[in-house]
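A.B. asks: the following block contains a protein sequence and its predicted model.
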Amino acid sequence: MRIACPHCGPRDRREFSPRGAALTRPGPKAAPEDWDAYIHQRDNPAGITREHWYHIPCGTWLTVTRDTVTHVVEATE
């Protein structure tokens with residue numbers, strides 16, 4: 001799998017570290033139930049997902065949209 005870093009160009013996925021789903025963090029005044037859902041109640045869908053990845057060589061954080069079934073990277077931002 002190749003991921004396009006905005007600074008370094010397309011790179012092998014071994015240069016990156018996945019950091020989890022790109023979820024919307026609850027606000028500072030969110031209810032405890034919202035934080036519980038954010039931390040513990042995660043979906044693990046087969047198909048298109050958005051995830052945070054860290055590019056180790058240059059220190060860039062990316063949001064990667066990819067298919068978890070085929071590992072095809074649709075977009076990076």
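C.D. replies: Yep, that arrived.

A.B. asks: got any ranges where this structure has weak pLDDT?
C.D. replies: Residue ranges of the chain with pLDDT under 70: none are present.

A.B. asks: just the strands in it please.
C.D. replies: With strands called from DSSP state E, the chain shows them at 2-5, 9-12, 16-21, 48-55, 60-67, 73-76.

A.B. asks: dump these to JSON lines, plus mean neighbour count and distance to Lys29.
C.D. replies: Every residue, glycine included, has its C-beta placed from N, CA and C. Shown next, in JSON lines, are the strands of the chain (neighbours: other CB atoms under 10 Å; distance: least, CB to CB, whole Å):
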{"stretch": "strand 2-5", "mean neighbour count": "15", "distance to Lys29": "36"}
{"stretch": "strand 9-12", "mean neighbour count": "11", "distance to Lys29": "40"}
{"stretch": "strand 16-21", "mean neighbour count": "13", "distance to Lys29": "23"}
{"stretch": "strand 48-55", "mean neighbour count": "16", "distance to Lys29": "24"}
{"stretch": "strand 60-67", "mean neighbour count": "16", "distance to Lys29": "25"}
{"stretch": "strand 73-76", "mean neighbour count": "14", "distance to Lys29": "32"}
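
A.B. asks: how about the ones you listed, which one is nearest Tyr38?
C.D. replies: strand 16-21 (10.2 Å; CB to CB).

A.B. asks: can you name every helix or strand that that closest one contacts?
C.D. replies: strand 48-55 (3 or more CB pairs under 8 Å, 6 or more residues apart in numbering; DSSP states H and E).

A.B. asks: just the angle for the strand it packs on relative to strand 60-67, thanks.
C.D. replies: 150 degrees (axes from the mean of the first three to the mean of the last three CA atoms, to 10 degrees).

A.B. asks: what lines up beside strand 48-55 in the sheet?
C.D. replies: The pairing partners recorded for strand 48-55 under DSSP bridges are strand 16-21 (antiparallel), strand 60-67 (antiparallel).

A.B. asks: give me the residues contacting the longest one.
C.D. replies: To tie it back to what came earlier, the one meant is strand 60-67. By CB atoms under 8 Å, 6 or more residues apart in numbering, the residues outside strand 60-67 that reach it are 1, 3, 5-8, 16, 19, 22, 47-55, 72-77.
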